[in-house]
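Colleague: Here is a sequence with its predicted model. Questions after.
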Amino acid sequence: MPSRNLARRAARWSARHRRIAILGWLALVVAAVLLGGAVGQQTIKEQDQNNGEARQADHVLADAGFFDRASEQVLVQSEDGSLKVTSPEFRQAVRDVVSRLAELPHTVEVQSPLSPQNAGQISEDGRSALVTFDLEGDSDLSEERVGAVLDAVAELDRAHRGMRIEEFGDASAAKGLNQAFEDDFRKAEALSLPITLLILVLAFGSLVAAGIPLLLGLTSVAITLGALAPLSQLWPVDQSISSVILLIGLAVGVDYSMFYLRRERDERTLGRSPEQALDVAAATSGRAVLVSGSTVMIAMAGMYITGNATFQSFATGTIMVVAVAVCGSLTVLPAMLAWLGDRVEKGRVPFLHPRSLERAERGFWATIVTAVLRRPWVSAPLAAALLIVLAVPALRLHTANPGIKGLPRDLPVMQTYTRIEQAFPGGPIPAIVAVRAEDVRAIKVTAAIRAMRNEAVASGQFRDPLTIVDSPDRKVASVSIAITGDGTDARSDRALNLLRDDIIPRTLGRVPGVEAYVGGLTAGSYDFNQLMKERAPWVFVFVLSLAFLLLMTTFRSIVIPLKAIILNLMSVFAAYGVLVWIFQDGHLEGLLGFTAIGGITSWLPLFLFVILFGLSMDYHVFILSRVREAYDQGMSTEEAVAHGIKATAGVVTSAAAVMVGVFSIFATLSSIIFKEMGIGLALAVLIDATIVRAVLLPATMKLLGDWNWYLPRWLEWLPHVAVESAAPPAPESAAPPPRVGAGV
């Protein structure tokens with residue numbers, strides 16, 4: 001087949017035309033950066049982020065112009081809690097806030113808690129009051145305009161001694177949090193590169209060799225971000241896509257180039273010429289990179305099936321960066337190695353030496369693998385039992401949209417939120433009912449809204465305040481009402497279903513021509529969870545089926561792909577279990593700096609599955625390719641397993657260390673979402689590179705013996721795409737021992 005030698009042919013062409021390959025890659029980087037900067041990135045609109053009825057509610061409100069405003073509220077209370085709203089000082093403070101807000105430009109719908117119709121804006125104990133208003137402008141514009149409002153509120157706070165006057169809302173929270181997140185990401189970027197470079201220096205022993213994988217990873221990210229910009233104009237992307245691309249791009253870019261570079265160095269150590277070493281690296285590690293990258297992209301493509309805009313943008317971004325990293329590994333990487341030759345060892349660090357093949361087969365992991373192969377019946381059950389124990393908490397996994405609750409509580413804006421939440425339980429994140437009618441101020445409609453409020457509060461599952469804001473054309477009303485529970489727990493879900501299925505049909509549903517849809521945080525989280533229950537099984541089937549077919553064709557075995565899938569799933573579910581124990585159950589809150597929200601971020605489990613399944617396959621494909629190669633060259637299955645795992649131990653450990661290091665940095669960020677993602681990815685990679693790779697993989701392969709390579713006769717028609725080496729043989733002393741009594 002013409003594609004069988006793709007990696008080798010690409011490497012040979014790049015080596016012969018190294019100047020074109022290297023300068024072409026650099027030109028592509030520059031062009032992508034310039035294109036991305038000129039076009040810009042189009043993010044998913046707020047009304048397109050949810051699913052189900054919550055999405056319908058968002059679209060009704062967006063079409064009526066409600067998303068062109070930011071909802072804000074000012075909390076007024078005495079600092080020591082001694083004054084009530086009835087006291088003159090308290091009431092004067094409220095009046096001053098209302099009048100000052102009304103004077104400011106771009107503030108509309110200022111609602112005073114002292115007005116009889118706004119009694120719900122006063123807390124039950126009468127010691128706190130909320131002045132609500134809207135700030136005109138979309139999310140970007142309102143964030144710019146809110147500065148003047150915050151200054152005015154701060155001035156009022158200073159003017160009323162003994163009173164606490166502070167603001168919280170969409171725009172004020174965004175302004176306060178964006179700066180904190182920018183500082184976080186600057187810190188992450190500043191830490192990730194030195195950590196990655198340090199690990200690579202330890203792995204290769206020289207600065208030049210260490211810099212090549214890092215350079216490929218960073219340029220792959222730059223090309224992807226630039227190319228994604230024009231695509232995002234047609235298919236908008238999630239605002240977190242840049243972080244996801246950096247995370248995945250740096251991981252796979254470094255991994256692929258490490259695999260390739262280490263094999264080329266090993267072949268040079270065995271005595272091959274530079275051309276022969278590069279040819280063998282292309283035919284083996286290059287082929288493994290191609291298969292591994294294809295598997296990763298297949299896994300990422302599963303996110304398209306979800307039907308969720310955020311997942312689909314993640315799929316596009318991750319597939320693109322993996323494809324770019326694979327292309328770079330097959331073209332510019334061999335060109336650079338051909339250009340540098342043995343100069344790749346320049347910048348040698350004293351006391352650090354690259355691990356030769358001989359030393360690798362006598363190192364720490366070699367000792368572990370030898371012990372495992374000696375007693376596989378003991379090693380396999382113990383390792384499997386450990387993974388099962390780690391995975392047990394995953395049986396209780398509950399997903400939730402963290403929303404505001406997932407943000408760092410030590411910031412001033414979040415401290416304000418906490419005080420509002422304490423005074424008005426459920427108030428800051430209410431259920432939002434989007435009501436559409438010919439005239440929402442018609443008597444029948446307003447009466448139905450009051451009836452809905454009365455039934456909701458009487459049920460005990462909703463609380464005041466209830467606020468109503470009409471669109472200028474009076475065709476849409478946004479009705480917000482505080483919901484019980486924490487917004488994403490079972491209690492909030494029950495309240496949501498009561499509102500949707502019973503209360504609204506009995507009230508607004510009986511008015512002809514009126515439509516009502518429930519949105520808000522609880523509705524968005526609930527609808528997303530329902531969508532995932534429907535679509536997640538199909539994602540699993542898609543990813544596992546295609547991965548099985550690809551691995552079966554690559555290794556010409558049905559046992560290898562089945563075992564690889566099972567082992568990878570075990571590492572993924574073990575990571576799920578630890579995530580539940582930490583973030584859902586609330587362990588290690590003080591150490592990791594977060595507040596548990598009673599669940600895992602809604603999109604994270606499925607995202608982690610596709611990412612971890614793909615990344616775990618990197619190691620399996622790389623190791624199994626080396627095992628199959630040794631088997632095809634004459635070793636017995638046990639000898640091939642020992643040789644393959646020991647020979648790849650150093651580079652796999654280094655690659656895993658890079659991934660764990662980079663992923664762990666995200667655990668230091670303020671947002672609980674990034675903490676969960678960083679720890680989940682780091683744990684799964686760590687588990688896969690240790691328990692799975694060093695214990696379960698060799699133990700199960702030893703137990704299965706030649707059954708590892710079983711392929712039914714009726715599948716013999718499959719194309720031969722397994723790793724092969726047509727390079728000249730290595731010196732006699734390095735040739736593998738013959739296989740004894742083995743056959744397929």
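Modeller: In hand now; what should we look at?
Colleague: what's the helix or strand containing residue 674 packed up against?
Modeller: According to DSSP states H and E, residue 674 maps onto helix 672-687. When contacts are defined as 3 or more CB pairs under 8 Å, 6 or more residues apart in numbering; DSSP states H and E, helix 672-687 sits against helix 241-269, helix 559-579, strand 600-601, helix 604-632, helix 637-666. (Glycine included, C-beta is placed from N, CA and C.)
Colleague: which element follows it toward the C-terminus?
Modeller: Next along the chain after helix 672-687, taking DSSP H and E as the criterion, comes helix 697-704.
Colleague: And for that next one, what's in contact with it?
Modeller: With contact meaning CB atoms under 8 Å, 6 or more residues apart in numbering, helix 697-704 is reached by 369, 372-373, 376-377, 379-380, 383, 559, 563, 567, 620, 623, 627, 637-638, 641-642, 645, 708.
Colleague: what about 7 Å?
Modeller: 369, 372-373, 376, 379-380, 559, 563, 567, 623, 637-638, 641, 645, 708 (CB atoms under 7 Å, 6 or more residues apart in numbering).
Colleague: May I have it exported as CSV, CA atoms only?
Modeller: What follows is helix 697-704, C-alpha atoms only, in CSV (Å, rounded to 0.1, in the frame of the first residue of the first chain):
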residue,chain,number,x,y,z
LEU,A,697,0.9,-4.4,30.6
PRO,A,698,3.9,-6.8,31.0
ALA,A,699,2.0,-9.1,33.4
THR,A,700,-1.0,-9.6,31.1
MET,A,701,1.2,-10.0,28.0
LYS,A,702,3.3,-12.6,29.9
LEU,A,703,0.1,-14.5,30.9
LEU,A,704,-1.3,-14.4,27.4
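Colleague: buried sites along it?
Modeller: Judged by neighbour count (16 or more other CB atoms under 10 Å), helix 697-704 contains these buried residues: 697, 698, 699, 700, 701, 702, 704.
Colleague: cool, stretch 588-606 as well?
Modeller: In terms of neighbour count (16+ other CB under 10 Å), stretch 588-606 has its buried residues at 592-606.
Colleague: CA-only coordinates of that stretch in PDB, if you can.
Modeller: What follows is stretch 588-606 as a C-alpha-only set of coordinates in PDB (Å, rounded to 0.1, in the frame of the first residue of the first chain):
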ATOM      1  CA  LEU A 588      -7.800  18.300  50.400                       C
ATOM      2  CA  GLU A 589      -9.700  21.600  50.100                       C
ATOM      3  CA  GLY A 590      -7.100  23.500  52.200                       C
ATOM      4  CA  LEU A 591      -4.100  22.000  50.400                       C
ATOM      5  CA  LEU A 592      -5.400  22.700  46.900                       C
ATOM      6  CA  GLY A 593      -7.300  25.900  47.600                       C
ATOM      7  CA  PHE A 594     -10.800  25.200  46.500                       C
ATOM      8  CA  THR A 595     -14.300  24.900  47.900                       C
ATOM      9  CA  ALA A 596     -16.200  21.800  46.900                       C
ATOM     10  CA  ILE A 597     -19.400  22.300  44.900                       C
ATOM     11  CA  GLY A 598     -20.800  18.800  45.500                       C
ATOM     12  CA  GLY A 599     -20.000  17.600  41.900                       C
ATOM     13  CA  ILE A 600     -17.500  17.500  39.100                       C
ATOM     14  CA  THR A 601     -17.600  20.200  36.400                       C
ATOM     15  CA  SER A 602     -20.300  19.100  33.900                       C
ATOM     16  CA  TRP A 603     -18.200  18.800  30.800                       C
ATOM     17  CA  LEU A 604     -15.100  17.500  32.500                       C
ATOM     18  CA  PRO A 605     -15.700  13.700  32.700                       C
ATOM     19  CA  LEU A 606     -16.400  13.200  29.000                       C
END
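Colleague: residues in contact with residue 618?
Modeller: Contact analysis of residue 618 by CB under 7 Å, 6+ apart lists 255, 292.
Colleague: Could you list the low-pLDDT ranges of the stretch 451-600 of the chain?
Modeller: Within the stretch 451-600 of the chain, the ranges that satisfy pLDDT under 70 run 465.
Colleague: show me where it has helices.
Modeller: Ranges of helices within the stretch 451-600 of the chain are 490-498, 504-506, 521-555, 559-579, 589-592, based on DSSP state H, counting those that start in this stretch.
Colleague: Between helix 604-632 and the longest one, find me the angle.
Modeller: Helix 521-555 and helix 604-632 are oriented at 10 degrees to each other (axes from the mean of the first three to the mean of the last three CA atoms, to 10 degrees).
Colleague: Check the offset of helix 521-555 from the chain's centre.
Modeller: Relative to its chain's centre, helix 521-555 lies at 15 Å (CA atoms, centre = their mean, to the nearest Å).
Colleague: Next: the first one.
Modeller: Computed by CA atoms, centre = their mean, the separation of helix 490-498 from the middle of its chain amounts to 28 Å.
Colleague: likewise the last one?
Modeller: Between the centre of helix 589-592 and the centre of its chain there are 21 Å (CA atoms, centre = their mean).
Colleague: who's in contact with it?
Modeller: Residues external to helix 589-592 that are found in contact with it (CB under 7 Å, 6+ apart): 595, 596, 667, 675.
Colleague: how about the residue lying closest to the second one once chain neighbours are set aside, phi and psi?
Modeller: The shortest distance from residue 596 to any non-neighbouring residue, by CB to CB, 6 or more residues apart in numbering, is to residue 586 (3.5 Å). The phi and psi torsions at residue 586 (degrees, to the nearest 10) take the values phi 90, psi 20.
Colleague: Surely residue 586 touches residue 598?
Modeller: No - in this structure residue 586 lies outside contact range of residue 598 using CB atoms under 7 Å: 8.3 Å.
Colleague: if we can go back for a sec, biggest separation within the buried residues of stretch 588-606, which pair?
Modeller: Greatest spatial distance in these: 593 and 606, 25.6 Å, computed using CB to CB.
Colleague: low pLDDT regions in the stretch 601-744 of the chain?
Modeller: For the stretch 601-744 of the chain, the stretches with pLDDT under 70 are 719-744.
Colleague: If we ignore the residues flanking it in sequence, what's nearest residue 651?
Modeller: Spatial nearest neighbour of residue 651, excluding adjacent residues (CB to CB, 6+ apart): residue 262 at 4.1 Å.
Colleague: sorry, back to before: any idea how far the helix holding residue 674 is from the chain center?
Modeller: The chain centroid and the centroid of helix 672-687 are separated by 9 Å under CA atoms, centre = their mean.
Colleague: Same check on stretch 385-392?
Modeller: The chain centre lies 23 Å from the centre of stretch 385-392; the measure is CA atoms, centre = their mean.
Colleague: Likewise for stretch 704-714?
Modeller: Its chain's C-alpha centre and that of stretch 704-714 lie 37 Å apart, by CA atoms, centre = their mean.
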